[in-house]
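*Asks:* Fold the following, please.
(chains A, B, C, D, E and F)
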Number of protein chains: 4
Amino acid sequence: MARSARKQEILQAALACFTESGVDATTIEMIRDRSGASIGSLYHHFGNRERIIAALYLEGIGEYAALLEAGLLDSLEAEACVKLFVTGYIDWVVANPEWARFILHNRGRVEAGEMGERLREFNQAHGACIAAILRRHREAGAFKAIPGECFVSVVIGPAQDMARNWLAGRSKRPLAEYRDLLAQIAWDSVRA
Amino acid sequence: MARSARKQEILQAALACFTESGVDATTIEMIRDRSGASIGSLYHHFGNRERIIAALYLEGIGEYAALLEAGLLDSLEAEACVKLFVTGYIDWVVANPEWARFILHNRGRVEAGEMGERLREFNQAHGACIAAILRRHREAGAFKAIPGECFVSVVIGPAQDMARNWLAGRSKRPLAEYRDLLAQIAWDSVRA
Amino acid sequence: MARSARKQEILQAALACFTESGVDATTIEMIRDRSGASIGSLYHHFGNRERIIAALYLEGIGEYAALLEAGLLDSLEAEACVKLFVTGYIDWVVANPEWARFILHNRGRVEAGEMGERLREFNQAHGACIAAILRRHREAGAFKAIPGECFVSVVIGPAQDMARNWLAGRSKRPLAEYRDLLAQIAWDSVRA
Amino acid sequence: MARSARKQEILQAALACFTESGVDATTIEMIRDRSGASIGSLYHHFGNRERIIAALYLEGIGEYAALLEAGLLDSLEAEACVKLFVTGYIDWVVANPEWARFILHNRGRVEAGEMGERLREFNQAHGACIAAILRRHREAGAFKAIPGECFVSVVIGPAQDMARNWLAGRSKRPLAEYRDLLAQIAWDSVRA
DNA sequence: TATGAATGAGTCTTCATTCAT
DNA sequence: TATGAATGAAGACTCATTCAT
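*Replies:* Residues are numbered from 1 along each chain as shown, chains lettered A, B, ... in the order given. Predicted structure coming up:
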């Protein structure tokens, strides 16, 4: 998805515009100016505005999910696994703050749009992958009794809230500073 | 703030429109149609679109903060206090889903707008009130060592993430069902 | 016309607004704020916006015409008479710059409006009065042969052009400085 | 400035609308209807309403100034030079009544707008060109002692006042009829 | 594939005016 | 006479999208 160099330039320009002005306030012309592509080119590659947003979103969560899944396969212990959810998340946010901000604020929009089905499919596949790994640990008695719907929220919730604050410039200190503490708290929250 | 009946009608209509169509997709005309007020009346009372959004946001968090502060004054124990953060939040979200959804998704917009300063002042005052109560318990040794910046995120993060999912229709079960479990987890996460 | 103190306050406030913002950019609300009168009061006294403009215009030229006619009756010589046209005009402009600016730029508007007929009647009466005086001097052979339509333009044109420049802030020096020179040139231009 | 055919069509349509309805009463839609261009095209070419007005003004005075300067270069005598100011002005007004009316009534508006600086630069350049020519004659003793600020007003003032009256439909006879008389009077007013 | 002029439906906002008190 | 909330027609302007080259 989005191989050509031109497409990537456009997506990066769009992300920069979204960061600077907000998604709704970003116009096609702003993306044109920043990417150097012509309006015709934008439409040739993406068809319409919404699809630029969706492509950016899907590429972002795809990259994040790939990173997470790659890490999870190797770490077999439950503790390392839970902590990786947190540290992996924080590391990715710190490394890709623009993308993280964009993804954190535009899930609903993409879900409601024409690519919503595609997004749901993706989340299902990714969720199934994660669930499979967790199930192993749960069945091995590594976790306390927590409904499946709650597990991820408990683990990632605090880190996500801090990430939101940090990305919005409301934090006094760098997010990375709390990385290990949040990982430890997450593990303490779910361990048996 | 916003006493007159007409103003309240407009705000309620705006909230309903925002819920139904999203804030950005809601036009002044939609709010007019739903509120029964004339366009002139909308502008007479609020001046412009952004101020309707800001007024709604400030009224929403004001009501929530008042409820929380009212509850906290009476509960003296650290455990009850922490659990109240979670249950109070969940109860309010369940009782005011439209308002909760709106507030959860529009903080950045209001912060960046002309009422941003007012919002920051409010958050500061509310934060100071909460901090004062927590300090008492912290100094009494009720909590484990957690940086101040993290405390609220750790306590409320999981509940907030679940609330987001529930409000977006992504949950299988009612949010209220997890109320006490999340409160217990929050308390376990911060207790000494 | 416009006796009551309130009416005068409104007219003065309107003139100040017109000076500051231009006639077209001045709103009823601006006049309300400046005059201290309520919107209802403005409409009670003047009926509508256009009539405020017309009342101001008519009062302005009325005052100027009265001054000029008063002066002309006493000065019997042709030279003094012609020079009075110029000096009287310049003196009035310097003494009433806001009014002068307003009158200089809004004749067409008032002529085209509902008070146009009244204005034309006024100009006719005033013109007839002036013409009567001039006729005496012309028949006495005081002037060179100049068509009636041109006479006033020749006498007043240079002063009016300079007044426009001065009122627009385009002059380096005070208008009054050229008062006598312009009067002399006017007399030289028309004397036999 | 404004080469493309579409741009010229829009400017001509705007001028016609301004003549017919007045600048302030002319809406973008009226210009659209008369020019045949779409609203989008109007904004594509000019950006906003004010810039249409300014473009028209600058083009108008540019054309007039070019004509005048072209004529002045050839006429070496002081008398011919002064008379050319008047006859050139009247000829241009008679040949371009719409443009003349527009320019006569909108200098202040353009000066106060975003193109004000550009206009001032133009006037300075044109004024310097005229001044250079006049200086030669003044130094040769062709003129009576008149301050520089007054010279142009004295020469052109009567013609301009008559042009205003004629353009407003207040004259009984064609302006051209007074062309030579006004030129002679102008020369008599400034000759040594 | 690339370009950018042209389109026009859709928004927000303004402001003169009315009218019940 | 005075008040000011309410009205809504009207206007400027934006911007996603199309299409001929």
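*Asks:* got the residues of chain A near chain B?
*Replies:* Residues of chain A found near chain B (Cβ under 8 Å from any Cβ of the partner chain) are A:22, A:24, A:105, A:107-109, A:111-112, A:146-147, A:149-150, A:152-154, A:156-162, A:165, A:168, A:171-173, A:178, A:181-182, A:185, A:188-189. (Glycine included, C-beta is placed from N, CA and C.)
*Asks:* Those, buried ones only, as a ChimeraX selection?
*Replies:* Burial among the residues of chain A next to chain B is assessed by 16 or more other Cβ atoms under 10 Å in any protein chain shown; the matching ChimeraX selection reads:
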select /A:105,107,108,109,111,146,149,150,152,153,154,156,157,158,159,160,161,162,165,171,178,181,182,185,189
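*Asks:* as a whole number, average confidence for the helix or strand where residue A:53 lies?
*Replies:* Residue A:53 belongs to helix A:49-74 when assigned by DSSP states H and E. Averaged across helix A:49-74, pLDDT comes to 94.
*Asks:* anything in it near DNA strand F?
*Replies:* Yes. With Cβ under 7 Å from any atom of the strand as the criterion, DNA strand F is reached by helix A:49-74 at A:49, A:50.
*Asks:* Now do that helix: distance to the chain's middle.
*Replies:* 7 Å (Cα atoms, centre = their mean, to the nearest Å).
*Asks:* Who are the packing partners of it?
*Replies:* With contacts taken as 3 or more Cβ pairs under 8 Å, 6 or more residues apart in numbering or on different chains; DSSP states H and E, helix A:49-74 sits against helix A:5-21, helix A:39-46, helix A:78-95, helix A:97-112, helix A:116-139.
*Asks:* For the third one, give me every contacting residue.
*Replies:* Contacting residues not belonging to helix A:78-95 are listed as A:64, A:67-68, A:71-72, A:75, A:100, A:133-134, A:137, A:140, A:142-143, A:152, A:155-156, A:159-160, A:163, A:166-167, A:174-176, A:178-180, A:182-184, A:186-187, A:190-191 [Cβ atoms under 8 Å, 6 or more residues apart in numbering or on different chains].
*Asks:* Chain A against DNA strand E: which residues are in contact?
*Replies:* Applying Cβ under 7 Å from any atom of the strand, we find that chain A lies next to DNA strand E at A:4, A:6, A:37, A:38, A:39, A:40, A:41, A:43, A:44, A:45.
*Asks:* how about those, which pair is most distant?
*Replies:* Using Cβ to Cβ, the residues of chain A next to DNA strand E reach their maximum pairwise distance at A:4 and A:39, which is 17.3 Å.
*Asks:* pLDDT weak spots in chain A?
*Replies:* In the prediction, chain A carries residues with pLDDT under 70 at positions A:1-3, A:74.
*Asks:* let's see it at 90
*Replies:* Across chain A, the ranges flagged by pLDDT under 90 are A:1-6, A:72-76, A:192.
*Asks:* quick one: furthest residue from the center of chain A?
*Replies:* residue A:40 (30.0 Å; Cα atoms, centre = their mean).
*Asks:* dump the residue contacts of that one.
*Replies:* Residues near residue A:40 by Cβ under 8 Å, 6+ apart: none.
*Asks:* And for residue A:169, the neighbour number?
*Replies:* Counted with other Cβ atoms under 10 Å in any protein chain shown, the neighbours of residue A:169 add up to 8.
*Asks:* three-state assignment of it?
*Replies:* Assigned by DSSP: H, G, I helix; E, B strand; the rest coil, the conformation of residue A:169 is coil.
*Asks:* and the gap between it and residue B:128?
*Replies:* Using Cβ to Cβ, to the nearest Å, residue A:169 is found at 20 Å from residue B:128.
*Asks:* picking that back up, from the residues of chain A next to DNA strand E, keep the buried residues only.
*Replies:* Burial by neighbour count, judged by 16+ other Cβ under 10 Å, picks out A:6, A:37, A:41, A:45 from the residues of chain A next to DNA strand E.
*Asks:* can you redo those as CSV with distance to residue D:88?
*Replies:* Listed next are these as CSV, based on distance: Cβ to Cβ, whole Å:
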residue, distance to residue D:88
A:6, 57
A:37, 52
A:41, 52
A:45, 58
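*Asks:* which of those lies closest to DNA strand F?
*Replies:* residue A:41 (9.2 Å; Cβ to the nearest atom of the strand).
*Asks:* now the closest one: how far from residue B:171?
*Replies:* Residue A:41 is 42 Å from residue B:171, by Cβ to Cβ.
*Asks:* do residue A:98 as well
*Replies:* 29 Å.
*Asks:* Stretch A:20-30: end-to-end distance?
*Replies:* Terminal residues of stretch A:20-30 lie 11 Å apart, using Cα to Cα, to the nearest Å.
*Asks:* Then stretch A:20-38?
*Replies:* 21 Å.
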